[in-house]
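In: Here is a sequence with its predicted model. Questions after.
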Amino acid sequence: MEDIKRLRVVELLSKTPGCDVLAKGWVRTKRGNKNVSFIALNDGSTINNIQVVCDAAVFSEDLLKDITTGACLAVWGKLVESQGKGQSVEIQASRIEIYGKADATYPLQKKGHSLEFLREIAHLRPRTNTMGAVLRIRHAMAFAIHSYFNSKGFFYLHTPLITASDCEGAGEMFQVTTMDLDNVPKTEDGKIDYSKDFFGRQTSLTVSGQLEGELGAMSLGQIYTFGPTFRAENSNTPRHLAEFWMVEPEVAFNDITDNMNLAEDFIKYLVKYALDHCMDDLKFLNDMFDKELISRLEGVINTEFVRLPYTEGVKILMESGRKFEFPVGWGIDLQSEHERYLVEEHFKKPVILTDYPKDIKAFYMKQNDDGKTVRAMDVLFPKIGEIIGGSEREESLEKLERRIAELKMDTRNLWWYIDTRRFGTAPHSGFGLGFERLLLFVTGMSNIRDVIPFPRTPKTAEF
């Protein structure tokens with residue numbers, strides 16, 4: 001039996017009984033009596049465990065005593081039809097090797113644990129059913145993103161994580177430095193002398209790969225970025241992280257309508273991929289956390305998204321008779337409660353809001369002829385509000401420079417971006433999908449800290 005190849009649990013559960021097998025994994029539970037023990041073994045390949053049956057006549061009492069919840073085992077035996085309910089096959093064990101014991105202090109004993117508690121032990125929480133399901137779905141969605149764009153002829157562009165420009169103009173960026181913070185070099189007028197820093201200038205972690213992505217679109221035609229982004233916002237909400245992942249396609253010659261079509265097609269593809277490839281995990285999350293999860297996912301792929309100008313959306317909100325926590329009026333940046341009202345109560349389907357007031361949107365968005373609005377688009381989803389934000393970009397050098405001047409932005413770090421409007425400018429559009437926001441929707445989880453392995457939030461950088 002020594003030369004038997006180990007099979008993952010997901011493979012064992014679909015195998016025909018009658019063969020000798022080797023399984024390795026961690027003990028979820030152990031139960032039984034003095035004659036027989038039943039071990040639920042899981043190796044992370046599936047939400048489902050494989051049951052291992054241990055006859056007391058075959059194994060010493062000392063060995064069985066050391067097989068506790070959390071221990072890691074290798075199990076040799078025969079795959080047989082299961083006599084009990086809950087599984088079609090089980091392993092009749094003939095030999096067990098304990099790789100690692102787990103004593104009584106192992107925090108994931110057989111009982112319910114709150115998601116808040118699990119965040120405190122993020123190094124162990126992937127061993128739970130819930131986090132295992134979320135992380136497998138996270139992988140599937142990352143794979144599907146690359147699969148979608150590759151099939152459409154997009155090129156994956158790696159944009160820098162360290163940057164000297166602030167894409168959003170909000171200034172909420174993490175600084176990157178190698179300077180001795182106890183002895184920061186100063187200029188003659190008392191300011192920080194960044195010429196002494198590693199890059200010779202002030203640099204930060206990126207808030208978005210978009211600006212560099214536009215450079216890629218202006219040469220490769222259609223690109224996408226997919227990587228970590230960083231926002232130093234002091235936001236302690238269930239929807240915000242300081243470190244999160246963004247997917248940002250950018251396409252030359254696309255207008256706002258093309259952009260909306262791409263966003264809708266893209267997100268429907270991802271949701272369908274989850275339904276086609278992650279059903280065991282989705283069923284678990286549906287049963288445990290959100291009884292409407294699967295029906296909501298199916299609803300998205302079978303419906304046409306509403307496309308609505310911001311001005312009309314505000315009118316609907318003002319005439320709704322609903323008293324919102326944040327007052328509604330033309331010119332405000334819509335809050336999650338406003339977005340969710342439009343999606344969940346008024347239209348009962350996803351909504352793409354367009355043509356926002358220019359004063360609440362970024363400098364690079366294409367200005368409409370009314371002088372008040374820009375060709376922005378936000379895709380709003382049930383339960384979470386905004387899941388995608390994007391726009392047609394301003395391709396006019398004159399209008400872009402005027403808007404930058406209006407906002408009193410420092411152009412010294414943006415000269416290269418402005419150059420693209422000087423040398424062969426072209427209409428182009430793009431959007432950003434917050435990967436963790438997508439995962440909130442696909443998993444039915446209610447807190448963004450529970451869809452990323454190691455959340456980074458204000459005052460939290462453990463693990």
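Out: Sure thing, it's come through.
In: give me the low-pLDDT residue ranges for the stretch 151-300 of the chain?
Out: 167-171 (pLDDT under 70).
In: helices or strands up against the helix or strand encompassing residue 119?
Out: Take DSSP states H and E as the rule and residue 119 turns out to sit in helix 115-120. Helix 115-120 sits against helix 129-151, with contacts defined as 3 or more CB pairs under 8 Å, 6 or more residues apart in numbering; DSSP states H and E. Where you see a C-beta, it was placed from the backbone N, CA and C, and this is true even at glycine.
In: next one: the helix it packs on to chain centre, how far?
Out: Distance, stretch centre to chain centre, for helix 129-151: 9 Å (CA atoms, centre = their mean, to the nearest Å).
In: following that helix, which helix or strand comes up?
Out: Remark: after helix 129-151, the chain's next helix or strand is strand 155-156, criterion DSSP H and E.
In: is it true that residue 97 touches residue 73?
Out: Yes. In this structure, residue 97 is within contact of residue 73 by CB atoms under 8 Å, at 6.9 Å.
In: if we can go back for a sec, what does the helix holding residue 119 contact?
Out: Helix 115-120 is contacted from outside by 125, 128, 130-131, 445, 447, 449-450, 455, using CB atoms under 8 Å, 6 or more residues apart in numbering.
In: With stretch 85-97 instead?
Out: Contacts for stretch 85-97 (CB under 8 Å, 6+ apart): 1, 12-13, 15, 17, 21, 23, 39, 41, 48-55, 58-59, 63, 67, 73-84.
In: Need the CA coordinates for stretch 345-361. PDB is fine.
Out: Output of stretch 345-361 as PDB, limited to C-alpha atoms (Å, rounded to 0.1, in the frame of the first residue of the first chain):
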ATOM      1  CA  GLU A 345     -37.200  48.200  -4.000                       C
ATOM      2  CA  HIS A 346     -37.900  50.400  -7.000                       C
ATOM      3  CA  PHE A 347     -36.600  48.400 -10.000                       C
ATOM      4  CA  LYS A 348     -35.900  45.100  -8.300                       C
ATOM      5  CA  LYS A 349     -32.900  44.400 -10.600                       C
ATOM      6  CA  PRO A 350     -29.400  45.700 -11.100                       C
ATOM      7  CA  VAL A 351     -29.100  49.400 -12.200                       C
ATOM      8  CA  ILE A 352     -26.400  51.200 -14.200                       C
ATOM      9  CA  LEU A 353     -26.500  54.900 -13.200                       C
ATOM     10  CA  THR A 354     -25.000  57.300 -15.700                       C
ATOM     11  CA  ASP A 355     -24.300  61.000 -16.200                       C
ATOM     12  CA  TYR A 356     -23.300  62.100 -12.700                       C
ATOM     13  CA  PRO A 357     -22.600  65.700 -11.700                       C
ATOM     14  CA  LYS A 358     -19.000  66.500 -12.700                       C
ATOM     15  CA  ASP A 359     -18.300  68.000  -9.300                       C
ATOM     16  CA  ILE A 360     -18.600  64.600  -7.500                       C
ATOM     17  CA  LYS A 361     -16.600  62.700 -10.000                       C
END
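In: Assign residue 183 to helix, strand or coil.
Out: State at residue 183, reduced to three classes by DSSP: H, G, I helix; E, B strand; the rest coil: coil.
In: For residue 192, see how far away it is.
Out: Spatial separation of residue 183 from residue 192 under the definition CB to CB, to the nearest Å is 12 Å.
In: More neighbours: those two, which one.
Out: For residue 183 and residue 192, the more surrounded residue by other CB atoms under 10 Å is residue 192, and the numbers stand at 15 against 7.
In: Residue 97 and residue 73 - which one has more neighbours?
Out: residue 73 (20 against 11).
In: Surely that one is within a helix?
Out: No. Per three-state DSSP, residue 73 lies outside any helix segment and is strand.
In: chain center to stretch 51-69: distance?
Out: 40 Å.
In: wait, I meant stretch 355-373
Out: With CA atoms, centre = their mean as the basis, stretch 355-373 stands 28 Å off its chain's centre.
In: in that stretch, what counts as buried?
Out: Under the neighbour-count criterion of 16 or more other CB atoms under 10 Å, stretch 355-373 has 355-358, 361-368, 373 buried.
In: do stretch 105-121 as well
Out: Of the residues in stretch 105-121, 108, 115, 118-119 count as buried by neighbour count, 16+ other CB under 10 Å.
In: Likewise for stretch 265-278?
Out: Using 16+ other CB under 10 Å as the test for burial, stretch 265-278 gives 266-275, 277-278.
In: how far out from the middle of the chain is it?
Out: 14 Å.
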